[in-house]
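Asks: mind folding the following:
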Amino acid sequence: MKALDQNFYSSKTLLLNAAIIASATKEGCAAILVSPISSIISVAIGPVGLQYRSPNSFFGRVGVQGTGETFFDEENEFKQSVYAVVNARLGYELDNTGIYFFANNIFDDEYLTQGAAFLDPIGQYGTPATFGVQVNSRF
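Replies: I've put the predicted structure just below:
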């Protein structure tokens, strides 16, 4: 399994980054819980994000995390199609404290994170749209 976690642009106020994880499987087979791009490569992308910190302590970040087609059984019949989840965070930061408004899975995409095929396929869905306020403090 190979991973790439790269900051494409970074400064004190602006950050653009991405992570890509790829793994190989036997030719002609898709491994369970792996999202193949071809018969021998699989990939997960994310998060790809853009973050901004203003000189007057305001903070903003938007990110996208995606996964390719994922199979949950050896026959490759029970699967999750390609999906992407969009997250955002806005806030204000002081020296040791920050307050943020966050929104995860903004478009309320429904997707499977786990699955199994016994008599009938069963699965667990990912977290639906979540919105909230967070306060962080460092001591």
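Asks: residues making contact with stretch 103-111?
Replies: Here stretch 103-111 makes contact (C-beta atoms under 8 Å, 6 or more residues apart in numbering) with 67, 80, 83-89, 125-131. Bear in mind the C-beta positions are built from the backbone N, C-alpha and C, glycine included.
Asks: buried subset of these, written for ChimeraX?
Replies: Buried residues within the contacts of stretch 103-111, by 16 or more other C-beta atoms under 10 Å, are selected in ChimeraX with:
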select :67,80,83,85,86,87,89,126
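Asks: ok, the helix or strand that contains Asn87: who's next to it in the sheet?
Replies: Assessed by DSSP states H and E, Asn87 sits inside strand 83-93. Using DSSP bridges, the strands paired with strand 83-93 are strand 58-67 (antiparallel), strand 97-104 (antiparallel).
Asks: which other helices and strands does the next helix or strand along the chain from the longest one contact?
Replies: From strand 58-67 onward toward the C-terminus, using DSSP H and E, the following helix or strand is strand 70-71. Other helices and strands packing on strand 70-71, by 3 or more C-beta pairs under 8 Å, 6 or more residues apart in numbering; DSSP states H and E, are strand 79-80.
Asks: now do the strand it packs on: which elements does it pack against?
Replies: Checked by 3+ C-beta pairs under 8 Å, 6+ apart, strand 79-80 has strand 70-71 packed alongside it.
Asks: that older thread, could I get the strand holding Asn87 in CSV with only the CA atoms?
Replies: Extracted as CSV, the C-alpha positions of strand 83-93 are listed here (Å, rounded to 0.1, in the frame of the first residue of the first chain):
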residue,chain,number,x,y,z
TYR,A,83,-18.9,8.9,-3.5
ALA,A,84,-17.4,12.1,-2.1
VAL,A,85,-18.2,13.9,1.2
VAL,A,86,-17.8,17.7,1.6
ASN,A,87,-16.8,19.2,5.0
ALA,A,88,-16.3,22.8,6.0
ARG,A,89,-15.1,24.7,9.1
LEU,A,90,-15.2,28.4,9.9
GLY,A,91,-13.9,30.0,13.1
TYR,A,92,-12.0,32.5,15.1
GLU,A,93,-8.6,31.7,16.8
